[in-house]
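In: Just to be clear, the model below is a prediction. Sequence and coordinates:
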Amino acid sequence: MRNWPERRERHARIEIIPMIDVMMFLLVFFVLISINVLPALGLKVTPPSSAHPDKVVERTRVTIGIDRAGETYLDGKAVPLAELAERLRGLATEEKPLAVVISGDEGAGLQSLVSVLDALKAAKVASASIVTRPK
């Protein structure tokens, strides 16, 4: 009877050198992206010209809050309604007009909102936004 040589079981080897190469490539790639060495692939355009372009005006953002009791708040600080127009006039300048956001409680009365809008008119604020939540 013939004896066949026994095959030795081959153990799997993990080649670490190619893994290090891949990790180094990824590291270099992300470093170059993070410091903007590789150019951004944005669309470069030249905007058309206009005879009378509008200037982009930077605005001073102000939040007026109305709580359930009808009290008014200017940027989180309680302000009597009688002083609101004067404070708004003090915040507005020619270079930076006001961008007013009105944030009111749903239980606040309509008269409180109308009073705040009257104060905005007295302060010569052209427009205001009202914060709502989706249904």
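Out: Yes, it's here. Since the structure is predicted, the reported quantities are computational estimates derived from the model, not experimental observations.

In: Leu26 is in what secondary structure piece?
Out: In the assignment (DSSP states H and E), Leu26 maps to helix 16-34.

In: per-residue confidence for Val28?
Out: We have a pLDDT of 90 for Val28.

In: ok, it - how many residues close by?
Out: Counted with other C-beta atoms under 10 Å, the neighbours of Val28 add up to 10. Any C-beta I mention is one placed from the backbone N, CA and C, and that applies to glycine too.

In: ok, now the one 5 residues further on?
Out: For Ile33, the count of nearby residues is 11 (other C-beta under 10 Å).

In: Read off the pLDDT value for it.
Out: Here, the pLDDT recorded for Ile33 equals 77.

In: Stretch 112-130: which residues count as buried?
Out: Neighbour-count burial for stretch 112-130, with 16 or more other C-beta atoms under 10 Å as criterion, is recorded at 112-113, 115-117, 119-120, 123, 125.

In: Tell me the one among those nearest to Ile102.
Out: Val116 (6.2 Å; C-beta to C-beta).

In: Going by distance to Leu81, which of the buried residues of stretch 112-130 wins?
Out: Relative to Leu81, the closest of the buried residues of stretch 112-130 is Ser115; by C-beta to C-beta it sits at 5.5 Å.

In: Pull the contacting residues for the closest one.
Out: 72, 81 (C-beta atoms under 8 Å, 6 or more residues apart in numbering).

In: oh, and call the first residue 787 from now on, that's how I've got it
Out: With 787 as the first residue, the last one maps to Ser901.

In: How far off centre is the one helix or strand it maps to?
Out: Taking DSSP H and E as the definition, one finds Ser901 inside helix 896-908. From the chain centre to the centre of helix 896-908 is a distance of 28 Å (C-alpha atoms, centre = their mean, to the nearest Å).
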